[in-house]
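*Asks:* structure, please.
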Amino acid sequence: MSINAKTFYNDFVKAVNENKDKNWKKYKNDKEWTSVATWLVSKIILGYDLKVTKEYLRVDITGWKQRIGEIEDDADKVGMKPWLWDLEIAVEHENKENDWAYELVKLTDIHCPLKVVIGYTCGNNRDNLESKRIVYAAELLQKRNVDDNEDYLVILGEAKPFKKEEFDYRGYLYDSKKKAFINLK
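*Replies:* Numbers count the residues shown, from 1 in each chain. All right, here's what the predicted structure looks like:
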């Protein structure tokens, strides 16, 4: 099974809602929620038959395919350890609602098919603020001249103060042709 932005978004939203009451209590505490969110992301990535690494290249979580078997003999012939893999997904989670753009720009330096930022937008005036921030994020990607063959997914949840006691994650996929993020809902 291949991983893509929309599937990952749906899997993430489903995972955070599976134990809604328990997760909601932890969601209110940044440190506890980061632990839960990164565990859920790791679990999702493992479900795609990818390896999971935390903080690889200072990226919170990466998913990769192992390819050592292809080069073991060649490496042995020259006395080297065999190292070969394909990075498939890089995920950054940022609790600070005004700092997730840093993570987005950082991911532009990583080469892989899917790059995901999970961030937050303040509950007060969320819709208006979020639409402005997602336009800003698209402008950042334009300035970075991102690869058209790599997907950028931004998943935004509601930051404190909360309007309601439920998860409200919204997914935005960057369309390199339109030079804009498209709402996945």
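
*Asks:* start to end distance for stretch 68-79?
*Replies:* Start-to-end span of stretch 68-79 (CA to CA, to the nearest Å) is 15 Å.

*Asks:* in it, what counts as buried?
*Replies:* Of the residues in stretch 68-79, none count as buried by neighbour count, 16 or more other CB atoms under 10 Å. C-beta coordinates here come from the backbone N, C-alpha and C atoms, glycine included.

*Asks:* tell me the mean pLDDT over that stretch?
*Replies:* Averaging pLDDT along stretch 68-79 gives 98.

*Asks:* and it, how far out from the chain's middle?
*Replies:* 33 Å (CA atoms, centre = their mean, to the nearest Å).

*Asks:* next, the residue of the chain most remote from its centre: phi, psi?
*Replies:* For the chain, the largest distance from the centre (CA atoms, centre = their mean) belongs to Lys77, which lies 38.6 Å off. Taking degrees, to the nearest 10, you get phi -60, psi -30 for the backbone angles of Lys77.

*Asks:* now Ala138
*Replies:* Per-residue torsions, Ala138: phi -60, psi -40 (degrees, to the nearest 10).

*Asks:* and it, what does it touch?
*Replies:* By CB atoms under 8 Å, 6 or more residues apart in numbering, the contact list for Ala138 reads Tyr174, Lys179, Ala180, Phe181.

*Asks:* what strands line up against the host helix or strand of Glu158, and which way round?
*Replies:* Using DSSP states H and E, Glu158 maps to strand 151-159. If you go by DSSP bridges, strand 151-159 pairs up with strand 114-122 (parallel), strand 170-175 (antiparallel).

*Asks:* can you redo the ones you listed as JSON lines with mean neighbour count?
*Replies:* Shown next, in JSON lines, are the strands paired with strand 151-159 (neighbours: other CB atoms under 10 Å):
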{"stretch": "strand 114-122", "mean neighbour count": "24"}
{"stretch": "strand 170-175", "mean neighbour count": "20"}
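
*Asks:* so for Lys160, which of those strands sits nearest?
*Replies:* Closest to Lys160 of the strands paired with strand 151-159 is strand 114-122 (CB to CB; 7.5 Å).

*Asks:* which outside residues touch that closest one?
*Replies:* With contacts defined as CB under 8 Å, 6+ apart, strand 114-122 is touched by 3-5, 8, 12, 37, 41, 88-97, 99-100, 103-104, 107-108, 129-130, 133, 150-161, 169.
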